[in-house]
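Q: Generate a structure from the sequence data that follows.
(chains A and B)
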Amino acid sequence: GQQVMQIPQYQHVQEGEDFTTYCNSSTTLSNIQWYKQRPGGHPVFLIQLVKSGEVKKQKRLTFQFGEAKKNSSLHITATQTTDVGTYFCAGDQAGTALIFGKGTTLSVSS
Amino acid sequence: EAGVAQSPRYKIIEKRQSVAFWCNPISGHATLYWYQQILGQGPKLLIQFQNNGVVDDSQLPKDRFSAERLKGVDSTLKIQPAKLEDSAVYLCASSFGPSSYNEQFFGPGTRLTVL
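A: All right, here's what the predicted structure looks like:
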């Protein structure tokens, strides 16, 4: 069945360093969504990507959708302690439910 | 705007006991989802409702799990009997429509521990 893989599973950075998490699917996705879950919290929607090669930015966060619509990435520039949490990508084939990846847990030390 | 409400927030039971979780979605959201999130994993969809009808329950262990959304608003998820491997956070989410393109809004979750 469809799977969404995320790497790395964990990442620790010093405050001010950059961070990137990658999401890969074995099948073409119709859309991909990114969510953030703070420790002890619930997933919160960040963004949705739909078009091949799409790039979206939210302040220090940059999201990309691959040309083949099988992979995506989230890049954070100059991390801050407020960026701590687990970042999930979730993708679907047309007409199917979203499948969440296992997430990348980011820790930031000041 | 009020968010997705869930209760209880925490529940501890012994294996073979029954448990029920309640969810009230954001007002006006026709689609409601129940997810199971095991520690260290991403949310796994158990069941999706559109109003009071089931859209997808392919991953719901129907021998022990059941869910209903009788009036198309709030929903209840039940486990009977519980197993040790059911220990997880049960998340309820809602969205405006049934399409996977819709942003999902999650509730705070119910943390279930089965002893």
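Q: how about low-confidence regions in chain A?
A: A:1 (pLDDT under 70).
Q: can you give me phi and psi for whichever residue of it sits closest to chain B?
A: Chain A approaches chain B most closely through A:F100 (3.3 Å), counting by C-beta to the nearest C-beta. Bear in mind the C-beta positions are built from the backbone N, C-alpha and C, glycine included. The phi and psi torsions at A:F100 (degrees, to the nearest 10) take the values phi -90, psi 140.
Q: I'd like to know how far A:G53 sits from A:A68.
A: A:G53 sits 9 Å away from A:A68, going by C-beta to C-beta, to the nearest Å.
Q: hang on, A:F65 packs against A:S52?
A: Yes - at 6.7 Å, A:F65 counts as touching A:S52 under the criterion of C-beta atoms under 8 Å.
Q: Of the two, give the one with the bigger neighbour count.
A: A side-by-side neighbour count of A:F65 and A:S52, using other C-beta atoms under 10 Å in any protein chain shown, places A:F65 first with 24 against 11.
Q: Could you list the residues in contact with the helix or strand A:K36 falls within?
A: In this structure, A:K36 sits in strand A:31-37 according to DSSP states H and E. Residues outside strand A:31-37 that contact it (C-beta atoms under 8 Å, 6 or more residues apart in numbering or on different chains) are A:23, A:43-50, A:63, A:65, A:69, A:72, A:74, A:85-92, A:98, A:100, A:103, B:100-101, B:103-104.
Q: Could you list the buried residues of stretch B:81-96?
A: Neighbour-count burial for stretch B:81-96, with 16 or more other C-beta atoms under 10 Å in any protein chain shown as criterion, is recorded at B:A82, B:D86, B:S87, B:A88, B:V89, B:Y90, B:L91, B:C92, B:A93, B:S94, B:S95.
Q: beta partners of B:D56?
A: B:Q48 (DSSP bridges).
Q: ok, which stretches of chain B are strands?
A: For chain B, the strands defined by DSSP state E occupy B:5-7, B:10-13, B:19-24, B:31-37, B:44-50, B:53-56, B:65-68, B:75-79, B:88-95, B:105-106, B:110-114.
Q: From the chain's centroid, how far away is the fourth one?
A: If I follow you right, that is strand B:31-37. 4 Å (C-alpha atoms, centre = their mean, to the nearest Å).
Q: Now the closest residue to chain A within chain B. Nearest residue, chain neighbours left out?
A: Using C-beta to the nearest C-beta, the closest approach of chain B to chain A is made by B:G42 at 3.3 Å. What sits nearest to B:G42 in space, not counting adjacent residues and going by C-beta to C-beta, 6 or more residues apart in numbering or on different chains, is A:F100, at 3.3 Å.
Q: pretty sure that neighbour contacts B:Q36?
A: No - using C-beta under 8 Å, A:F100 is not in contact with B:Q36; the gap is 10.9 Å.
Q: So for the two, which residues contact both of them?
A: With C-beta under 8 Å, 6+ apart, A:F100 and B:Q36 have common neighbours B:P43, B:K44.
Q: right, and A:K57 touches A:F63 too?
A: Yes - under the criterion of C-beta under 8 Å, A:K57 makes contact with A:F63 at 7.5 Å.
Q: Please say which of the two ends up with more neighbours.
A: Taking neighbours as other C-beta under 10 Å, A:K57 and A:F63 compare with A:F63 leading, 22 against 12.
Q: what sits against that one?
A: A:W34, A:L46, A:I47, A:L49, A:E54, A:V55, A:K56, A:K57, A:S72, A:S73, A:L74, A:H75.
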